[in-house]
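Novice: here are the coordinates; sequence isn't available:
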Ligand SMILES: O=C(O)C(=O)Cc1ccccc1
């Protein structure tokens, strides 16, 4: 049976573009649109699909709350891939609608946040409504008796639902990009490629001075670069946070594995989210900035040295 992949639907979302990028051989039948981010996680967990794609963070808006909440608190899944997609927003309406007619605009919360400047200049009196995705907004606008006059979505979504463009390139930042992750059930990790990322959630032990520094130090002293650090409430009352961390490297790399062991010792709990090939930014195989003393060979040599010291070998 062919593999099937869930994604934040319906057809025409940026998430679908990310899935096409991550699984270029998948056919339309292999792609399973879901109604929300939580539904993608559930489809992967239940085994209804082999994997799923959800948005994780945007270069302008930051983290996607529902995705992070599922990763932190939901039944565990592994991240086994990632990619980044440029996001360009357009305003689409039913044929015959002109800009002056637009009173109600629907879109995804992240798209709304990234088009606020354009909306306040060109549609200052329009009401805005958030829905589960940009393509869901386009589909809703196309429905008979639609509750909305226009959708902010990708050009491909507007065209897919038979709408026409009132404006294109309406995002406040032309270079906006969103990072998407590929989710799998537990099992084998992807092989190290030399240009990988490792994601985890650190739950600190009690609230005490330096608690976060203790975590960050585990990476710093082993020469592991971090690419994302985000604090999230644990849900257990005000003031309790966990830290979502992306680090360069694979858990199979000595320096990353040792950093994770260090974190395991200084934290109340650690949730390992995965090690996977890095595709969202530079994928150079031998990062030039990695200090020479943190290669796997350096760690192995240090381990041999410690064994000799422990054995009383002082030569
Ligand atoms: O709604 C979509 O099309 C998505 O894939 C989520 C999203 C929304 C806005 C920016 C990037 C991703």
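Specialist: Noted; the coordinates are in hand. Given the structure is predicted, the values throughout are model-derived calculations rather than measurements. Residues are numbered from 1 along each chain as shown.
Novice: residues contacting residue 7?
Specialist: 13, 15-16, 18-19, 31-34, 40, 52-54 (Cβ atoms under 8 Å, 6 or more residues apart in numbering). (Each C-beta comes from the backbone N, C-alpha and C, glycine too.)
Novice: rerun that using 7 Å as the cut-off
Specialist: 15, 16, 19, 31, 33, 34, 40, 52, 53 (Cβ atoms under 7 Å, 6 or more residues apart in numbering).
Novice: so where do the helices sit in the stretch 151-300 of the chain?
Specialist: Per DSSP state H, counting those that start in this stretch, the stretch 151-300 of the chain carries helices over the ranges 155-160, 211-220, 254-266, 296-310.
Novice: Of the ones you listed, flag the one that's most buried.
Specialist: Most buried of those, by mean neighbour count (mean count of other Cβ atoms under 10 Å): helix 155-160, with a mean of 20.
Novice: Who are the packing partners of that one?
Specialist: When contacts are defined as 3 or more Cβ pairs under 7 Å, 6 or more residues apart in numbering; DSSP states H and E, helix 155-160 sits against strand 90-93, helix 134-142, strand 164-168.
Novice: So which of these is nearest residue 180?
Specialist: helix 134-142 (13.8 Å; Cβ to Cβ).
Novice: My guess is residue 129 contacts residue 148. True?
Specialist: Yes. Between residue 129 and residue 148 there is a contact under Cβ atoms under 7 Å: 6.3 Å.
Novice: Neighbour count: these two, which is higher?
Specialist: residue 148 (24 against 15; other Cβ atoms under 10 Å).
Novice: Could you pull up the residues touching that one?
Specialist: 104, 105, 106, 129, 137, 140, 141.
Novice: What is the nearest of the contacts of residue 7 to residue 113?
Specialist: Closest to residue 113, out of all of these and judged by Cβ to Cβ, is residue 15, at 16.9 Å.
Novice: can I assume the closest one sits in a strand?
Specialist: No. Assessed with DSSP: H, G, I helix; E, B strand; the rest coil, residue 15 is helix; it does not lie in a strand.
Novice: excluding its backbone neighbours, what's nearest it?
Specialist: Closest residue in space to residue 15, ignoring its immediate chain neighbours: residue 8 at 4.0 Å, by Cβ to Cβ, 6 or more residues apart in numbering.
Novice: next one: residue 280
Specialist: For residue 280, the closest residue by Cβ to Cβ, 6+ apart turns out to be residue 84, at 3.8 Å.
Novice: hey, what's that neighbour bridged with?
Specialist: Counting by DSSP bridges, residue 84 is bridged to residue 179.
Novice: Between the helices of the stretch 151-300 of the chain, which one is closest to the ligand.
Specialist: The ligand lies closest, by Cβ to the nearest ligand atom, to one member of these: helix 155-160, at 7.0 Å.
Novice: what's the distance between the residue nearest to residue 142 when sequence neighbours are not counted and the ligand?
Specialist: Spatial nearest neighbour of residue 142, chain neighbours left out: residue 161 (4.1 Å); criterion: Cβ to Cβ, 6+ apart. Going from residue 161 to the ligand by Cβ to the nearest ligand atom, to the nearest Å gives 13 Å.
Novice: Burial check on residue 161, number of neighbours?
Specialist: The burial count for residue 161: 22, using other Cβ under 10 Å.
Novice: can you check residue 34 too?
Specialist: The number of residues near residue 34, taken as other Cβ under 10 Å, comes to 25.
Novice: And the pLDDT for it?
Specialist: The per-residue pLDDT reported for residue 34 equals 98.
Novice: Over to residue 25?
Specialist: Reading off the model, residue 25 has pLDDT 96.
Novice: Show me where the stretch 201-315 of the chain dips below the pLDDT cut-off.
Specialist: Within the stretch 201-315 of the chain, the ranges that satisfy pLDDT under 70 run 282-292.
Novice: Could you rerun that using 50?
Specialist: Within the stretch 201-315 of the chain, the ranges that satisfy pLDDT under 50 run 283-286, 288.
Novice: Look up phi and psi at the residue nearest to residue 142.
Specialist: Per-residue torsions, residue 161: phi -100, psi 20 (degrees, to the nearest 10).
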